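Trainee: Next comes the sequence, and after it the predicted model I'd like to discuss.
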Amino acid sequence: QAHLVESGGGLVQAGGSLRLSCAASGLTVSSYAMAWFRQAPGKERAFVASIHWVFEDTDYADSVKGRFAISRDNAKNTLYLQMNSLKPDDTAVYYCAAGRRPSTIPSDFGSWGQGTQVTVSS
């Protein structure tokens, strides 16, 4: 059974950086489409970034392009999200997800972590 555990969230001032990690067990991150989503209070869960399992093609939401970078370490079976130049609008619970194909739609991903809170103060 797949198990994803996020870490690295916290409180940071605007303009700061955080690096989120997602440790996987029960699945191999290099064999799945892996993604990050986020959900702010009162809002739908939204796509942030994804990475293809074979060619490592990446995709980003327009709101984070140029600021966030998704990557993975196959040896550690871990997914990362480097977040720079953080803004208050980035405040949300961040989730990692694994699916069979790259997508921006949450329902296309079958495995989810429990989420990690990111709060950006102005």
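Mentor: Structure's in. What do you need? Since the structure is predicted, the reported quantities are computational estimates derived from the model, not experimental observations.
Trainee: C-alpha only now, for contacts and for neighbours.
Mentor: OK.
Trainee: ok, which stretches of the chain are helices?
Mentor: Counting by DSSP state H, the chain has no helices at all.
Trainee: Residue ranges in it under the pLDDT threshold?
Mentor: Applying pLDDT under 70 to the chain flags no residue at all.
Trainee: For it, which segments count as strands?
Mentor: Taking DSSP state E as the criterion, the chain carries its strands at 3-7, 10-13, 18-25, 33-39, 46-51, 58-60, 68-73, 78-83, 92-99, 109-112, 116-121.
Trainee: The ones you listed into a markdown table, with extra columns for mean neighbour count?
Mentor: Formatted as a markdown table, these follow (neighbours: other CA atoms under 10 Å):
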| stretch | mean neighbour count |
| --- | --- |
| strand 3-7 | 20 |
| strand 10-13 | 15 |
| strand 18-25 | 20 |
| strand 33-39 | 25 |
| strand 46-51 | 24 |
| strand 58-60 | 19 |
| strand 68-73 | 19 |
| strand 78-83 | 21 |
| strand 92-99 | 25 |
| strand 109-112 | 17 |
| strand 116-121 | 20 |
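Trainee: Find the centremost residue of this structure, please.
Mentor: Closest to where the C-alpha atoms of the chain average out (CA atoms, centre = their mean) is residue 36, at 2.4 Å.
Trainee: Who does it form a beta bridge with?
Mentor: residue 49, residue 96 (DSSP bridges).
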